[in-house]
Every structure is written in structure tokens, then in C-alpha cells.
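Peer 1: Provide a 3D model corresponding to the input given below.
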Amino acid sequence: MTAQRYQFIASASLIALIFLCLGWELWWAPLRPGGSWLALKAVFLLAPLFGILRGKRYTYKWVSLFVQFYLLEGLMRATSEHGLAQWLAIGETALAGILFISVILYIRATRPPKEEKAASAS
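Peer 2: Got it, this is the predicted structure:
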């Protein structure tokens, strides 16, 4: 696959993760009736959005570390919640996993050739 496909998958999974986090904590299964402050976790996902959409390699690098918090939260809540919240946590885990893998593959696909690295190091 090409870097453009990885960029599309990363962008789509990030946007889906933002909407999942908002819907989960505000309407579908909030921790408290009427919504939860945990919806603010979606705000942190807005920080890398434009860098991911524009294909900025530096953004992809730090998102590969950042998205692991969402992966861990999804895994934790998938094993501790019940009902709809558990299914939403499984969805969060899946989307965070897809985002992580597509980000890593994009970084690898856009890596400069080894000859360029050796020439620039001299």
C-alpha cells in the first residue's frame, strides 16, 4: 500500500475516534447521567488532527506514542465495564489500534532513503 492509503486510514480512524469519544461520554453511555467530563478526552485528539490530515511526518511520530493512552483506556474499560459501555470501549480499542498501526506504516512508507541519510550526516 502507498503512504496516501495509510494517511487516509489514519485520518479516518482519528476522526472516528473523536466522534466515538464524544458520543460515548456525552450521550450513549456516560459515567454520569447527562454527560461526563471524560468527553474532554476528545479535545486532546483535535491537536494532531490537522497534522494527520496534511501528512506531516512529525505529527505521525508523536501520535504513535500519544494514541497508546486511548488504546490502554479502551482495554481497561473493555474489561471492567458492562453492556453498551463495554462495546464502546472495544470500539475505542479497535480504532486506537487501527490508528496506531496506520501511523507506524505511514512513518515507514515516508522514510527517506538510506543514501540521503548518510549524505546529510556528513
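Peer 1: quick one: low-confidence ranges for the chain?
Peer 2: 115-122 (pLDDT under 70).
Peer 1: The same query, at a cut-off of 90, please.
Peer 2: Applying pLDDT under 90 to the chain picks out residues 1, 29-40, 112-122.
Peer 1: what are the ranges of the strands in it?
Peer 2: For the chain, strands defined by DSSP state E do not occur.
Peer 1: For it, which segments are assigned as helices?
Peer 2: Taking DSSP state H as the test, the helices found in the chain are 3-23, 41-46, 49-54, 57-66, 68-80, 84-109, 114-121.
Peer 1: can you tell which of those helices is closest to R32?
Peer 2: helix 84-109 (12.3 Å; C-beta to C-beta). For the C-beta atoms, the positions are set from N, CA and C on the backbone; glycine is no exception.
Peer 1: which secondary structure elements does that closest one contact?
Peer 2: Judged by 3 or more C-beta pairs under 8 Å, 6 or more residues apart in numbering; DSSP states H and E, the packing partners of helix 84-109 are helix 3-23, helix 57-66, helix 68-80.
Peer 1: So which of the ones you listed is nearest V43?
Peer 2: Taking the helices and strands packed on helix 84-109 one by one with C-beta to C-beta, helix 3-23 is closest: 9.0 Å.
Peer 1: can you list contacts of the closest one?
Peer 2: 39, 41-42, 45-46, 48-49, 52-53, 55, 60, 63, 70, 88, 91-92, 95-96, 98-99, 102-103, 105-106, 109-110 (C-beta atoms under 8 Å, 6 or more residues apart in numbering).
Peer 1: hmm, try it at 6 Å
Peer 2: With contacts defined as C-beta atoms under 6 Å, 6 or more residues apart in numbering, helix 3-23 is touched by 39, 41-42, 45, 52-53, 55, 91-92, 95, 98-99, 102-103, 105-106, 109-110.
Peer 1: Give me the buried subset of those.
Peer 2: Neighbour counting over these (16 or more other C-beta atoms under 10 Å) leaves 39, 41-42, 45, 52, 55, 91-92, 95, 98-99, 102-103, 105-106 as the buried ones.
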